[in-house]
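model the following, please.
(2 chains)
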Amino acid sequence: MLYFSKLRILFITLFSVLFILIASSNLFKFDDNFFDKKINLGLDLQGGSYLLLEIDNEPVIEQKLQNLTTTIRNYFKEKNIKINNIKIENQNIFFNVIENDKQSVLEVFQDENSDLNPYYPRFKSHQLEIEDTGLNFKVNFSRQGLIKLKTSSQDQAIEIVRRRVDEVGTNEPNILKRGNNRILVELPGLDDPMRIKSLLGKTANLTFRFVTNDENDRFGVEKLKFENGLEEATVSKRIIISGENLLDAQPKMDTQANQTIVSFTLDRVGAKRFGKATSTGIGKQLAIVLDGKIISAPVVRDTIASGSGQISGGFTFQTATDLALLLRSGALPAPLEIIEERTVGPDLGQDSINAGMIALAIGFMLVIIFMFIKYKIFGLITNVTLIVNLFILLGVLTLFEATLTLPGIAGIILTVGMAVDANVLIFERIKEELKDETNNILAFDGGYTKSRTAILDANITTLLAAIILFFMGSGPVKGFAVTLGVGIFTTLFSVYFIARLFTSIYVSKNKDKEKLI
Amino acid sequence: MIAFNKYYNYFNLLSSILIVVSLLLLIFKGLNFGIDFKGGTLIELRASDSKINVSSLRDRFNQMDLGDVSVKNFGNNTDFLVKFENKDNKKNIIEEIKTNLDKSFGNNYDFRRVENVGPKVSAELLKSGVIAISLSLALMLIYIWIRFEWQFSLGAILALFHDVIVTLGVFSLFNLEINLSIIAAVLTIVGYSMNDTVVIFDRVRENLRKYSDIKIFELTNISINETLSRTVITSATTLLALLAIYFFGGEILKGFSLAMILGVVFGTYSSIYIANTVLVRLRVSQKTVLRNEEDKK
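Numbers count the residues shown, from 1 in each chain, chains lettered A, B, ... in the order given. Model prediction:
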């Protein structure tokens, strides 16, 4: 156990130096790419905002089912099958057909190549489930159909969220999927997420629709409130143009009316429809509706064929800027709700770093002094090992660009406290061996061999706890699991290679010394 | 040699009382869950005006119709921690509070930290916390079961339960807040307590093989003494590190380090006075170890 080959010593030295260099790249600037890595600071240390958004898919499902009723009716009409009494209830579509058609309807739904009911080979399942309840058919989304729907609305939503966050221009936002209906947004350095929160809280569904007094409008009508919440207007459900038709939107100052407006440009289809609607609708009120509320309802005075126009509605420059931003980035497929928010101001983050570093320094000093008093020369060896261990730990965290959080710093301090355990187990064992063993080298050998199972046991138990924490914990706590877990490996390395190397050198030089430890 | 075994009965009685009291506390008084597990809003506020104090803040917040509001000093006289339920998960609550506070205090305060956890998330966090602790106990059980004979496993697991229950009992007694970092602390305690027990058990087993004529009552005492200086040194360095975190690591880590300190103390105690006494009460002998080894062959 005490013998080290030259090659091994070289390897241990190189390995330690490499990680010390990597760790020090957090402090100094190296030109080399390899040493360019840095430990990421968690949001609790650098300050910033953590937002967890949940997509409310109910309206999407409702809308999809609505569309489906039309599709089903039309599809079977072509096949000369009449669908009767089709209706939606509790997210199910109900309809009935005459007895003779029953079989063919079922076949359409159950055919793997059905146009109406897509089949997912990956899930081995159809999008829709059909249930024959005797007289009626009941159709709803299958489990896989729902998953598909949720992931696709999540895909769309994350894209829109990214655009909106990017437009606001924070540094290096982190936008990630969570499950199939959540989006995680991390905004480092942002101490006031108010604006982003309000931007993400809006669906930004924009439509232009005519105000009408005709209750029997072919497309149906609905009563909508104005933004100010006071007035109301009856608006046709027929959509002239929607947010999808916008190419660009910008806040502008209308110098004539001396008010802030949002000017927009339409795509070709939009421009055509807008031109047509404004030419036939002169004198009518055109309502500009955002998320179910009327922003304004100007009277059409002229045909607008240029494909551009403007929205006014008593905006301040800030609200106009935000509206333009929302319109540019597009509408969310479904409303988002912020279900978790954690924001840390930058000065608190800095305070936490300082406190963590002071605690680390003091904890380290206390442990080092204690070990030196207790073990003298072997305490010194342990202490040198402890320092190298700390650097290797930081080096590994740097290499993987791990995220360091406040509990993570606690994990490092705890590692320092617990890292001496292995060395203590070895030294105590050596002491016992020396009671009936006169040969120092043999006693040391015995000490290392006989303490091995206990050391292994001790570290595996801590590692198990760290692994569970890593998978179950979130955010800052995960950072604790990382430093604690990585710390176990670096501790074992430094105990079995570095400390043992020093010990072997010392013991070989003091072979015949009495009371070695 | 210290005669630890002289007090086996006394400390078993004490531990039983501690466990029963802790369980009663947990059942009847319950735990003080933070917003991580209960849902709600937390604001850490720093004031630069002496007009802002706990009572003036409480007055302000109570006027805002936020439900049950708690206002406390946080570490020093200028930092405050405000917590409330935020039952309806109102969207712009922080904005409203700011406008409201501006009216009375002007610009002389600063929100250093804002946390808002919705009811759905808090329920999930609680669930995953319970799962994490159960899972870690189960994993430890499996590990010790593979490594040792069942008598040892039982001793180690009882010691683990003791540590977790009594630590939580102390938190209940003093109404200390349970948040995510406490779960991390409890898991680490589980690892530490196991670690401590296993080191002594390793020695007990080794001695069982060595001496056939020493009774387990004596043998556990010998093993405890042989590993004692390691137990003391490791607990001491770990406690030194934890005390450094407790006193210098800032307010946020206080609860975490306190839980760990309690856990290390209880963990060290239980390795000696619970884990070993189980071996004594189950009359473990050399045969137990040897029979098991033959079975394995």
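
residue ranges in the stretch 1-150 of chain B under the pLDDT threshold?
Counting by pLDDT under 70, the stretch 1-150 of chain B has low-confidence residues at B:89.

and the longest helix along chain B, which residues are buried?
Ranked by residue count, the top helix of chain B under DSSP state H comes out as helix B:216-248. Residues of helix B:216-248 classed as buried: B:216, B:219-224, B:226-228, B:230-231, B:233-246, B:248 (neighbour count, 16 or more other C-beta atoms under 10 Å in any protein chain shown). The C-beta positions use only the backbone N, C-alpha and C, and glycine is treated the same way.

after it, next one along is what?
The helix or strand immediately downstream of helix B:216-248 is helix B:254-270, counting by DSSP states H and E.

what about the host helix or strand of B:His162, near chain A?
B:His162 is part of helix B:150-173 when elements are defined by DSSP H and E. No. Looking at helix B:150-173 against chain A by C-beta under 8 Å from any C-beta of the partner chain, there are no contacts, and the closest approach is 9.6 Å.

mind giving me the packing neighbours of that helix?
On a contact count with 3 or more C-beta pairs under 8 Å, 6 or more residues apart in numbering or on different chains; DSSP states H and E, helix B:150-173 meets helix B:8-24, helix B:119-147, helix B:180-210, helix B:254-270, helix B:276-281.

heading C-terminal from that helix, find the next helix or strand.
Toward the C-terminus, helix B:150-173 is succeeded by strand B:177-178 as the next helix or strand (DSSP H and E).

what parts of the stretch 1-150 of chain B come near chain A?
The stretch 1-150 of chain B comes close to chain A at residues B:44, B:89, B:91-92, B:94-95, B:110-118, B:120-121, B:125, B:128-129, B:131-132, B:135-136, B:139-140, B:143, B:147, as judged by C-beta under 8 Å from any C-beta.

buried ones among those residues?
Taking 16+ other C-beta under 10 Å as the criterion, what is buried in the residues of the stretch 1-150 of chain B next to chain A is B:44, B:89, B:94, B:111-118, B:121, B:125, B:128-129, B:132, B:135-136, B:139-140, B:143, B:147.

the longest helix of chain B versus helix B:8-24: what angle between them?
50 degrees (axes from the mean of the first three to the mean of the last three C-alpha atoms, to 10 degrees).

list the helices and strands helix B:216-248 packs on?
helix A:346-375, helix A:406-436, helix B:180-210, helix B:254-270, helix B:276-281.

so which of those helices comes closest to A:Lys82?
Proximity to A:Lys82 (C-beta to C-beta) singles out helix B:180-210 among these, at 59.1 Å.

what residues of that closest one count as buried?
B:180-208.

filter the residues you listed down to the ones near chain A?
Answer for the buried residues of helix B:180-210 near chain A (C-beta under 8 Å from any C-beta): B:180-181, B:183-184, B:187-188, B:190-192, B:194-195, B:198-199, B:202-203.

among those residues, which two are most distant?
Maximum pairwise distance among these (C-beta to C-beta): 36.4 Å, between B:Leu180 and B:Arg203.

residues contacting B:Ile183?
Contacts of B:Ile183 were listed using C-beta atoms under 8 Å, 6 or more residues apart in numbering or on different chains, and they are A:473, A:477, B:129, B:132-133.

what strand or helix carries B:Arg113?
strand B:109-117.

so what touches that strand?
A:338, A:340-345, A:347-348, B:35-36, B:39-49, B:52, B:79, B:86, B:89, B:93-94, B:98, B:101, B:125.

one more time with 6 Å
For strand B:109-117, contacts defined as C-beta atoms under 6 Å, 6 or more residues apart in numbering or on different chains pick out A:340-345, A:348, B:35, B:39, B:41-47, B:52, B:94.

for the stretch 51-200 of chain B, which residue gets nearest to chain A?
Using C-beta to the nearest C-beta, B:Gly191 is the residue of the stretch 51-200 of chain B that sits closest to chain A, at 3.4 Å.

counting neighbours, what do you get for the residue lying closest to that residue once chain neighbours are set aside?
Of all residues not flanking B:Gly191 in the chain, A:Ala465 sits nearest, at 3.4 Å (C-beta to C-beta, 6 or more residues apart in numbering or on different chains). A:Ala465 has 29 neighbouring residues, counting by other C-beta atoms under 10 Å in any protein chain shown.

A:Ala465 and B:Arg113, how far apart?
The gap separating A:Ala465 from B:Arg113 is 28 Å, by C-beta to C-beta, to the nearest Å.

who touches A:Ala271 in this structure?
By C-beta under 6 Å, 6+ apart, the neighbours of A:Ala271 are A:Gly307.

that one looks like it's in a strand, true?
No. With DSSP: H, G, I helix; E, B strand; the rest coil as the criterion, A:Ala271 is helix rather than part of a strand.

where does residue 52 land in three-state SS?
Using chain A. Applying three-state DSSP: A:Leu52 is strand.

what about whichever strand or helix holds the residue nearest to B:Gly191, distance to the chain center?
Element membership for A:Ala465, per DSSP H and E: helix A:452-472. Relative to its chain's centre, helix A:452-472 lies at 28 Å (C-alpha atoms, centre = their mean, to the nearest Å).

before we move on, what about stretch B:24-41?
On the basis of C-alpha atoms, centre = their mean, stretch B:24-41 sits 14 Å off its chain's mean C-alpha point.
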